[in-house]
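Novice: Let's see this in three dimensions:
(4 chains)
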Number of protein chains: 4
Amino acid sequence: MLKVMITGYDKRSEIIKKYLSENLKNVDIYSYENTVDYDTNVVILPVPCTLDGITLNYVKNTTNIADFLKLIPEKAIIIGAGFKNDRVFDLCNRDDFSYLNAIPTAEGAIELAIKNTDTTLFLSNILITGFGRVSKLLADRLLSFKGKISIAARKSGDKAFIKALGAEYIPINELDNYINRYDIVFNTVPCKLFGEKTLKNSKENSLFMELASREAGFDKEAIEKYNIRYINAPGLPGKCAPRTAGEIMAETIINLLNENNLC
Amino acid sequence: MLKVMITGYDKRSEIIKKYLSENLKNVDIYSYENTVDYDTNVVILPVPCTLDGITLNYVKNTTNIADFLKLIPEKAIIIGAGFKNDRVFDLCNRDDFSYLNAIPTAEGAIELAIKNTDTTLFLSNILITGFGRVSKLLADRLLSFKGKISIAARKSGDKAFIKALGAEYIPINELDNYINRYDIVFNTVPCKLFGEKTLKNSKENSLFMELASREAGFDKEAIEKYNIRYINAPGLPGKCAPRTAGEIMAETIINLLNENNLC
Amino acid sequence: MLKVMITGYDKRSEIIKKYLSENLKNVDIYSYENTVDYDTNVVILPVPCTLDGITLNYVKNTTNIADFLKLIPEKAIIIGAGFKNDRVFDLCNRDDFSYLNAIPTAEGAIELAIKNTDTTLFLSNILITGFGRVSKLLADRLLSFKGKISIAARKSGDKAFIKALGAEYIPINELDNYINRYDIVFNTVPCKLFGEKTLKNSKENSLFMELASREAGFDKEAIEKYNIRYINAPGLPGKCAPRTAGEIMAETIINLLNENNLC
Amino acid sequence: MLKVMITGYDKRSEIIKKYLSENLKNVDIYSYENTVDYDTNVVILPVPCTLDGITLNYVKNTTNIADFLKLIPEKAIIIGAGFKNDRVFDLCNRDDFSYLNAIPTAEGAIELAIKNTDTTLFLSNILITGFGRVSKLLADRLLSFKGKISIAARKSGDKAFIKALGAEYIPINELDNYINRYDIVFNTVPCKLFGEKTLKNSKENSLFMELASREAGFDKEAIEKYNIRYINAPGLPGKCAPRTAGEIMAETIINLLNENNLC
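Specialist: Numbers count the residues shown, from 1 in each chain, chains lettered A, B, ... in the order given. Here you go, the predicted model:
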């Protein structure tokens, strides 16, 4: 019998609970209410685990995370997403989790792009920085809208592949020279690509969207200085497809338990 | 010299004015302010022309349409969209206008579908009724999200073509038997396909969207009776891409003037 | 009991025989061997029905068609493809047959284009004339190779739709002005679009392919005069996918029998 | 002044010569005719460099490779494709070369698949093994034909990505269990995936195509024993798009010279 404790009372927690119940045999799932059963095998943390860095992201927000972790039996495995701690398995490090989440991320980014522009994606000049999971899927979907898609990447092999997929290749270290072409820019690279000079050169009224981890890609002062239209869009899966996001998390948890022979 | 009067002060009117100025030579464009110049050649009505069926859809909403039309010189051509009147050229009857508008309509429908579901389009079961302009473009874009797309149509030739495009064909007169499969349903057919029986059979929590003219496709009482999730979404081009919508209107107006040797 | 006679001994005839046996109940199928049973309900002609216009396209090519048709009981329905005769149902007039055949036609045209050029379809400038069944499917497939696809069409509505699909629109009556851009040209229009002037203007070493009925689109003398690379490619379904071609024919025959309450 | 010697007299050599002349400044290109100029900077080997492993793949096939290499000045760089030798830069090790060649490889594979089956790609069950360059591009193009594409891969991240692209994922170590579904199988993995057991289980009349290096993937004895329809298809770029293949080689050579500050 596997005993699983779920922390959190939001919709996603409910979905994970339901998914695990339906897809695991011999499982006993309960929700955290200030105590942790001594025979708990698996603990699932809330997402995000904490909002302030100190207390657990939980109903009352008064539980200290360090104290909470001490309550958990040593043999139990603790699973989180985006929370870094020696005792915690971070789902974000898993390829299956990242790729599955790239799907709702791409859909959410497209929703925001349609909503926040007064033109169509059709014929728009669109730039995606980076050529990882999110970038590839976003490009795949956007190409069907028949916009003009460019991808900013680094490697000579990527250049050929990007062109073969029907997009244009832009050398990522020459963003300054190309940025004034684009109506919409999606950043997927977790380092500061958009500094003052690049933003200054950007096209009037263009829309920038941050899809990498929290605001990594942009110089916030320059955004204000040049009055850039900017959307910080982390956590799109949870926002635009919460049910799918919960199921993705549950599915990855099952993969992880399988690999550890726990189910 | 072509003298054009634009009625309306919304964003779209501004865009049409700008587009015509930039793309026509020898043109004098002015906005309606209670009087119509006697040498006006072209009058462009607001869209929609009226909200209540009686008064012009104009700043103060106090101008009677019939009276307004009498102010216009007989030789002038009057251009509207969706307003039926013997003196008025209705752009909605033109193929170029309809096809161009199908593009922002498809984009807006996708935005609404992503926003109003808690799952991804990816793997969703999606039905589009009809196989006209909007249906074809919507299917083209949705297929890239790798949902499972069905199209309800009538003709044997359409069946083969729909399958060749990668969608499933559903006979439109057997909607009742298939409707319970679908998570999202887009109606593009301007007649009542979704009566009580069909809606009763629909999948729990599925989303219905009306893309045909105002609520033609659905039995409104049944929608309430069965607590159907329903979005009436007319005029998507003007809502999700107002600049493009204005430019489409201006471009079609120029085509029409060209064909009448007026520019 | 439905009694069906199949004329012809080629692979396609075998496939039709097998398909009908497997998909019809209460059917008795036999092959023509110089006599026609008096209780035959359905006769399926060979494709093409004749090679010389006089004799049946049959093993020995000695049966006169007119004589052969007289052998068939009056009440029997006679089904052919591409053979015009008052007594014969011509499958080519059916939308389902045409659309289904457009699929192998498009595939065969792509095979020939890859084979007969020394460059890739990727980045090639490709023109398709017409915007009917074959054109639409061929464009759909070719777009995935990321060539630059143009479609020559006539209607203003087509222009918008072609652009929305990601291809370029060319006015079909201005072929002369555009023809020198193209590396590959597919003709799907059954009238003489490519006269001397157009072919004279074409790009050096470009490849022309005739997909419409036999050589309708091209001035044969000009082809020789200007040493044009030209492939006349009628009947691609039977050549590049004979099994599918036979199944398409059999499926359409069943549709036709259904509509006539014969099965 | 850069002095380049090209070895080989086939069409590809001519294309490389032309491409380099047009795209490099201050270059002097000559063809090998039994002597090598002492001031030669760059030597381009024939592709393949040798047919028998001993003599140069050259007009008369009488030059010993080892002797030939000794003729080349020490400071010159020697460029080949697929020829392993300490003095030779092998273009096959470069990402740009591999990705660019994946494009004509995918096109050639599709040409062969259409040609060597009697059905359409449409609705065929198609398997691609591996998820590298060729596999990704081949899948991208094949999906447009609306076949049912499966990809056999290994990683959990690939599984999610493959599904997101619209194909089915098959665990590559369970080929035996799935192989009987497929009408067409493309191998892109350079190790023996198709042993006796797998081939024995394969569907009757299915077509296998080897796209990896020479016959790495298949047990040749089992192919004969089970009468498998098998096409060994190495070097597709040179065969189905020789001009493009030459240009790809020339373009990669220029990249390489650039990186070594030789042009």
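
Novice: Next one: residue A:61, what pLDDT does it get?
Specialist: At residue A:61, the model reports a pLDDT of 62.

Novice: ok, for whichever residue of the stretch 151-263 of chain A sits closest to chain D, nearest residue in space, not its chain neighbours?
Specialist: Across the stretch 151-263 of chain A, no residue is closer to chain D than residue A:157, which sits at 2.7 Å (CB to the nearest CB). Any C-beta I mention is one placed from the backbone N, CA and C, and that applies to glycine too. Of all residues not flanking residue A:157 in the chain, residue D:95 sits nearest, at 2.7 Å (CB to CB, 6 or more residues apart in numbering or on different chains).

Novice: you'd agree that neighbour is up against residue A:156?
Specialist: Yes: counting by CB atoms under 8 Å, residue A:156 is a contact partner of residue D:95 at 5.7 Å.

Novice: Which residues are in contact with the residue nearest to residue A:94 when sequence neighbours are not counted?
Specialist: Among residues not flanking residue A:94 along the chain, residue A:252 sits closest, at 6.0 Å (CB to CB, 6+ apart). Contact analysis of residue A:252 by CB atoms under 8 Å, 6 or more residues apart in numbering or on different chains lists A:91, A:94, A:96-97, A:100.

Novice: Dump the residues you listed to JSON lines, plus pLDDT and neighbour count.
Specialist: Below are the contacts of residue A:252 laid out as JSON lines (pLDDT from 0 to 100; neighbours: other CB atoms under 10 Å in any protein chain shown):
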{"residue": "A:91", "pLDDT": "94", "neighbour count": "24"}
{"residue": "A:94", "pLDDT": "92", "neighbour count": "19"}
{"residue": "A:96", "pLDDT": "90", "neighbour count": "20"}
{"residue": "A:97", "pLDDT": "93", "neighbour count": "23"}
{"residue": "A:100", "pLDDT": "94", "neighbour count": "29"}
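
Novice: Pick out whichever of those sits closest to chain B.
Specialist: The nearest member of these to chain B, counting by CB to the nearest CB, is residue A:100 at 9.7 Å.

Novice: for that closest one, phi and psi?
Specialist: Main-chain dihedrals, residue A:100, degrees, to the nearest 10: phi -60, psi -40.

Novice: which residues touch the one helix or strand the residue of the stretch 151-263 of chain A closest to chain D maps to?
Specialist: Using DSSP states H and E, the element containing residue A:157 is helix A:156-164. Applying CB under 8 Å, 6+ apart, the contact partners of helix A:156-164 are A:131, A:151, A:153, A:168-169, C:122, C:146, D:94-96, D:98-100, D:102-103, D:133, D:136-137, D:140, D:255.

Novice: Okay, and which of these map to helices?
Specialist: By the criterion of DSSP state H, membership of the contacts of helix A:156-164 in helices covers D:95-96, D:98-100, D:102-103, D:133, D:136-137, D:140, D:255.

Novice: Farthest-apart pair in the residues you listed, please.
Specialist: Maximum pairwise distance among the ones in helices among the contacts of helix A:156-164 (CB to CB): 23.8 Å, between D:140 and D:255.

Novice: Where does pLDDT dip in chain A?
Specialist: Scanning chain A for pLDDT under 70 picks out A:60-61, A:214.

Novice: Show me what from chain A comes close to chain C.
Specialist: With CB under 8 Å from any CB of the partner chain as the criterion, chain A meets chain C at residues A:122, A:146, A:163-166.

Novice: Just the CA coordinates for stretch A:238-248, please, in PDB.
Specialist: Output of stretch A:238-248 as PDB, limited to C-alpha atoms (Å, rounded to 0.1, in the frame of the first residue of the first chain):
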ATOM      1  CA  GLY A 238      -1.500  26.200 -14.600                       C
ATOM      2  CA  LYS A 239      -3.300  29.300 -15.900                       C
ATOM      3  CA  CYS A 240      -4.600  28.400 -19.400                       C
ATOM      4  CA  ALA A 241      -5.100  24.700 -18.900                       C
ATOM      5  CA  PRO A 242      -5.200  23.900 -15.200                       C
ATOM      6  CA  ARG A 243      -6.700  20.500 -15.600                       C
ATOM      7  CA  THR A 244      -4.100  19.400 -18.200                       C
ATOM      8  CA  ALA A 245      -1.400  20.900 -15.900                       C
ATOM      9  CA  GLY A 246      -2.600  18.800 -13.000                       C
ATOM     10  CA  GLU A 247      -2.700  15.700 -15.100                       C
ATOM     11  CA  ILE A 248       0.800  16.300 -16.500                       C
END
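
Novice: quick one: that stretch near chain D?
Specialist: No: shown here: stretch A:238-248 not in contact with chain D (CB under 8 Å from any CB), separated by at least 8.8 Å.

Novice: May I see the buried residues of that stretch?
Specialist: Buried residues in stretch A:238-248, counted by 16 or more other CB atoms under 10 Å in any protein chain shown: A:238-248.

Novice: what residues does the stretch 1-150 of chain A put near chain D?
Specialist: Selection of the stretch 1-150 of chain A residues close to chain D by CB under 8 Å from any CB yields A:94-96, A:98-100, A:102-103, A:133, A:136-137, A:140.

Novice: Look at residue A:68 and give its secondary structure.
Specialist: Assigned state for residue A:68: helix (three-state reduction, DSSP: H, G, I helix; E, B strand; the rest coil).

Novice: So it sits against residue A:56, correct?
Specialist: Yes: assessed by CB under 8 Å, residue A:68 is found in contact with residue A:56 at 5.3 Å.

Novice: So the residue lying closest to residue A:246 once chain neighbours are set aside versus residue A:242, what's the distance?
Specialist: Excluding its sequence neighbours, the residue lying closest to residue A:246 (CB to CB, 6+ apart) is residue A:15, at 3.1 Å. Distance of residue A:15 to residue A:242, given as CB to CB, to the nearest Å: 7 Å.

Novice: again, but for residue A:113
Specialist: Taken as CB to CB, the span from residue A:113 to residue A:242 is 20 Å.

Novice: cool, and residue A:82?
Specialist: From residue A:82 across to residue A:242, the span is 16 Å (CB to CB).

Novice: same thing with residue A:86?
Specialist: As for residue A:86, its distance to residue A:242 is 29 Å (criterion: CB to CB).

Novice: for residue A:222, same thing?
Specialist: Distance, residue A:222 to residue A:242, by CB to CB: 33 Å.

Novice: ok, and the closest non-adjacent residue to the residue positioned nearest the centre of chain A?
Specialist: Nearest to the mean C-alpha position of chain A, counting by CA atoms, centre = their mean, stands residue A:235 at 4.9 Å. Leaving aside its sequence neighbours, residue A:235 sits nearest to residue A:48 (CB to CB, 6+ apart; 7.9 Å).

Novice: Got phi/psi on the one you found?
Specialist: The phi/psi pair for residue A:48 (degrees, to the nearest 10) is phi -70, psi 160.

Novice: now do the one 5 residues further on
Specialist: Summarising the backbone geometry of residue A:53 under the convention degrees, to the nearest 10, its torsions are phi 90, psi -10.

Novice: What about it, how many residues nearby?
Specialist: When neighbours are defined as other CB atoms under 10 Å in any protein chain shown, residue A:53 has 7 of them.

Novice: same check, this time on residue A:9
Specialist: Using other CB under 10 Å, residue A:9 is surrounded by 14 other residues.

Novice: In terms of helix, strand or coil, where does it fall?
Specialist: The assignment at residue A:9 comes out as coil when based on three-state DSSP.

Novice: Touching, it and residue A:33? I think so.
Specialist: No: the pair residue A:9 and residue A:33 fails to qualify as a contact (CB under 8 Å) at a distance of 9.6 Å.

Novice: List the contacts of the residue of the stretch 151-263 of chain A found nearest chain C.
Specialist: Nearest to chain C, among the residues of the stretch 151-263 of chain A, is residue A:166, at 4.4 Å (CB to the nearest CB). Contact analysis of residue A:166 by CB under 8 Å, 6+ apart lists A:143, A:149, C:146.
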